[in-house]
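Visitor: Give the three-dimensional model of this entry:
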Amino acid sequence: MSWTLDCSSPEGFALRREDLRQWLRLSLGPRGESFFVAINEGVSNAFKHGTLPGEPPWVALTLTEEGPGVVATIQDRGPGLPPGALQKDFPDLDQEGGRGLPLMVRLADEVSYDAATRTLRLVARRPLLSPARDGVS
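Guide: Numbers count the residues shown, from 1 in each chain. The predicted structure is shown next:
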């Protein structure tokens, strides 16, 4: 199963945010909420930084169930991430901005970036069932 959304504005994405949240909850269970935060941050960053001057904004979000989890790809038309951007830590509390990528890295199980396609890839794996906790016998 997959879920795709092409947006030309943050407002267009906002109209589908709750659908996205519900889809992730159904697919990932409790893990879905933190993954939703990571994806939401990625899409917000794409709208904020992923548009070249004079170009209309555009962000494509695709979610796909793969194996034991969900893969989210976020693509935009911006200049791309600078080298090493995914390795940065959280900035000082008095610094404005700069928390989005570190937050995504902490909330997703895997984060990668393809500079050729300007695509950010986030992966969340489903939690494993615990027989005693989940009533499985």
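Visitor: Where do the strands of this structure begin and end?
Guide: For the chain, strands defined by DSSP state E occupy the ranges 2-7, 59-66, 69-76, 110-114, 119-125.
Visitor: Centre of the chain to the shortest one, how far?
Guide: If I follow you right, that is strand 110-114. Its chain's C-alpha centre and that of strand 110-114 lie 10 Å apart, by Cα atoms, centre = their mean, to the nearest Å.
Visitor: do stretch 48-65 as well
Guide: Using Cα atoms, centre = their mean, the offset of stretch 48-65 from its chain centre is 12 Å.
Visitor: before we move on, back to that, tell me which of the strands of the chain sits nearest to Trp23.
Guide: With distances scored as Cβ to Cβ, the stretch of those nearest to Trp23 is strand 2-7 (5.4 Å). C-beta: built from backbone N, CA, C; applies to glycine.
Visitor: can you map out the helices along this structure?
Guide: 10-14, 17-28, 31-49, 100-107, 131-134 (DSSP state H).
Visitor: right, so these: which one is the most enclosed?
Guide: Highest mean neighbour count among those (mean count of other Cβ atoms under 10 Å): helix 31-49, with a mean of 20.
Visitor: who's in contact with the residue nearest the centre of the chain?
Guide: By Cα atoms, centre = their mean, the chain has its centre lying nearest to Ile39, at 2.3 Å. By Cβ atoms under 8 Å, 6 or more residues apart in numbering, Ile39 lies in contact with 20, 24, 61, 63, 72, 74, 122.
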